[in-house]
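Student: Mind folding the following:
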Amino acid sequence: MGKYFGTDGFRGEANKDLTFEHAVQIGRFLGWYYGANEGKKAKILIGKDTRRSSYMFEYALCTGLMASGADAYIMHVTTTPSVAYITRVDDFDCGIMISASHNPFYDNGIKLINAQGEKMDEETILKVEDYIDGKLQIPVAEKGDIGRTVDYVEGRNRYIGHLISMSKFSFKDVKVGLDCANGASWQIAKSVFDALGAKTYVINNAPDGCNINTNCGSTHIEGLQKYVVDNGLDIGFAFDGDADRCLTVDEKGEVVTGDHTLYICGLYMKENGELANNKVVTTVMSNFGLYKALDKVGIEYEKTAVGDKYVYENMVENGHRIGGEQSGHTIFTKYETTGDGLVTSLKLMEVMLAKGKKMSELAAPVVFYPQVLKNIRVKSKPDAQNDPDVQAAVSKVGEELGDEGRILVRESGTEPVIRVMVEAGSDEICEKYVDQVIDVIRSKGHATE
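Tutor: Have a look, this model is predicted:
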């Protein structure tokens, strides 16, 4: 990770951590790097979510791009995966998404997407950071070389058409609830489900710039749970602010997580000969219950570090077709280069309709194990993690749990913290083993608390 850009872009509180000057600088560099630096006029796509500050950042990015001679194509309010898709299929030099995903409205972020619709490579991001820090000088465009903006709402419409074309079934008479989180999906999700014939019920689709993710969407799914039950709906889908993730609510009001989605869609793909390598890609934070369920149906799995970036890298490197996180980032490489909440919802509808089963029936084989996660602040994360006595304590817990649970000890990526997590048959067992390892970390003098 760089100085400004993390695994999911340059993110922070608007005009405090991430400022409009940063946006101008990012636009300046990208416009020059993909344009004048290569002896041509750059063509760059921009999308944004519904945050108040997204408009400011959109205009700041456009200013920087045009000053460097690039043409900025504006999709307006749209989803992150739609920017990735249109960047790729319409041959843009790169794409930019303005969003802080599931964060509160006062935060924002700038995500950079390469010409293949993937997250920008580290080498280019480090060059952007060098320009922000004044280590590079680039010229401004003059006369006829100055760039312009182009209204590109047609890109969003083409993306909607792409989603509609994916469905193998009519959704006629299926009662579907959609929680748009007052975010980027508010103009897209209903259009897709209506076009496919569903009886569509929508909540949290009135963004005012300050209510994105506020007690709604995939991070506050309890509202959709109640709505599905109260209205007798067949299924509900909750998206986050930029709609790259989706959590589901079954007809009983129970949450169907990203882990359930991997099982449901992975099994369906296996049954239809579409599960390449007979493998599903998960992160180390997927629940032990998912692995037990996959074992029972003969599906293998890979585990990556936490983050959809690492899931996607594993999938591309090994040719796997489905992967994701418990939080609802699910990637289907046949259709996309990033998590797409709308694609996830359509694939779950396909399984439900193809099998003629309710969502609760499809999710039932994945029985979540109780999980306890505790953090301990330490002087040095590597020292604590690599201490032989700590490692011995972790191994001992693993041996005692056997096939009935697991332990995971990992370093926080942003804090001086070691996270100790145990999944087992009961909360009491989890607590016992987590505390056992934390006690060893403390006894060896690693803790600061």
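Student: can you pull out the helices in the stretch 51-200 of the chain?
Tutor: 52-67, 80-89, 122-132, 153-166, 189-195 (DSSP state H, counting those that start in this stretch).
Student: The second one vs helix 153-166, what angle?
Tutor: To tie it back to what came earlier, the one meant is helix 80-89. Interaxial angle, helix 80-89 versus helix 153-166 (axes from the mean of the first three to the mean of the last three CA atoms, to 10 degrees): 100 degrees.
Student: Numbering from 463 from now on, please.
Tutor: Sounds good: first residue 463 from here, last item helix 542-551.
Student: which residues are in contact with helix 542-551?
Tutor: Here helix 542-551 makes contact (CB atoms under 8 Å, 6 or more residues apart in numbering) with 507-509, 537, 554, 556-559, 561, 563, 573, 575-580, 614, 617-618, 620-621, 624, 646, 650, 704-706, 798-805. Bear in mind the C-beta positions are built from the backbone N, C-alpha and C, glycine included.
Student: list the buried ones in that helix?
Tutor: 542-550 (16 or more other CB atoms under 10 Å).
Student: can you tell me the average pLDDT over that helix?
Tutor: Per-residue pLDDT over helix 542-551 has a mean of 97.
Student: Domains of this protein: list them as residue ranges, please.
Tutor: The chain is divided into the following domains under automatic domain parsing: 467-618, 629-825, 833-905.
Student: could you pull out the strands for the stretch 713-862 of the chain?
Tutor: Ranges of strands within the stretch 713-862 of the chain are 717-718, 741-745, 762-766, 784-786, 792-794, 833-839, based on DSSP state E, counting those that start in this stretch.
Student: ok, and what's touching the first one?
Tutor: So the one you mean is strand 717-718. 683, 687, 709-712, 726, 810, 821, 825.
Student: thought Leu709 was touching Thr719?
Tutor: Yes. The pair Leu709 / Thr719 is scored as a contact, 6.3 Å apart, by CB atoms under 8 Å.
Student: Give the residues shared as contacts by these two.
Tutor: The contact sets of Leu709 and Thr719 overlap at 789-790 (CB under 8 Å, 6+ apart).
Student: the more surrounded of those two?
Tutor: Leu709 (27 against 23; other CB atoms under 10 Å).
Student: mind listing what that one touches?
Tutor: If you count contacts by CB under 8 Å, 6+ apart, then Leu709 has 680, 683, 699-700, 717-720, 789-790 around it.
Student: ok, and the most crowded of those?
Tutor: Neighbour-wise, these (other CB under 10 Å) top out at Ala700, 32 neighbours.
Student: Secondary structure element holding that residue?
Tutor: Element membership of Ala700, judged by DSSP states H and E, is strand 697-701.
Student: What pairs with the next helix or strand after that strand, parallel or antiparallel?
Tutor: Downstream of strand 697-701, the first helix or strand assigned by DSSP H and E is strand 708-711. Take DSSP bridges as the rule and strand 708-711 pairs in its sheet with strand 697-701 (antiparallel), strand 717-718 (antiparallel).
Student: Please identify the residue most distant from the middle of this structure.
Tutor: The centre of the chain is farthest from one residue, Lys605, which by CA atoms, centre = their mean lies 41.2 Å away.
Student: Distance check, that one against Gly531.
Tutor: Computed as CB to CB, to the nearest Å, the Lys605 to Gly531 distance reads 10 Å.
Student: now do Ile903
Tutor: For Ile903, the distance to Gly531 equals 55 Å [CB to CB].
Student: go on, Ser561?
Tutor: To Gly531, Ser561 is 26 Å away according to CB to CB.
Student: re the thing from before, turn the domains of the chain into a markdown table, columns for distance to Glu911.
Tutor: Compiled in a markdown table, the domains of the chain are given as follows (distance: least, CB to CB, whole Å):
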| stretch | distance to Glu911 |
| --- | --- |
| domain 467-618 | 26 |
| domain 629-825 | 23 |
| domain 833-905 | 5 |
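Student: Identify the residues contacting the closest residue to Leu824 other than its chain neighbours.
Tutor: Leaving out its chain neighbours, the residue that sits closest to Leu824 by CB to CB, 6 or more residues apart in numbering is Ile726, at 4.9 Å. Contacts for Ile726 (CB under 8 Å, 6+ apart) come out as 718, 810, 813, 824-825.
Student: go again using 10 Å as the cut-off
Tutor: Counting by CB atoms under 10 Å, 6 or more residues apart in numbering, Ile726 makes contact with 710, 718, 755, 809-810, 813-814, 817, 819, 821, 824-825, 827-828.
Student: ok, now Ile903?
Tutor: For Ile903, the contacting residues are 838, 840, 846-847, 849, 851-852, 855, 871, 880, 882, 909, by CB under 10 Å, 6+ apart.
Student: go on, Lys819?
Tutor: Residues near Lys819 by CB under 10 Å, 6+ apart: 726, 813, 825-826.
Student: Any of those buried? List them.
Tutor: Those of those that meet the buried threshold are 726, 813, 825, by 16+ other CB under 10 Å.
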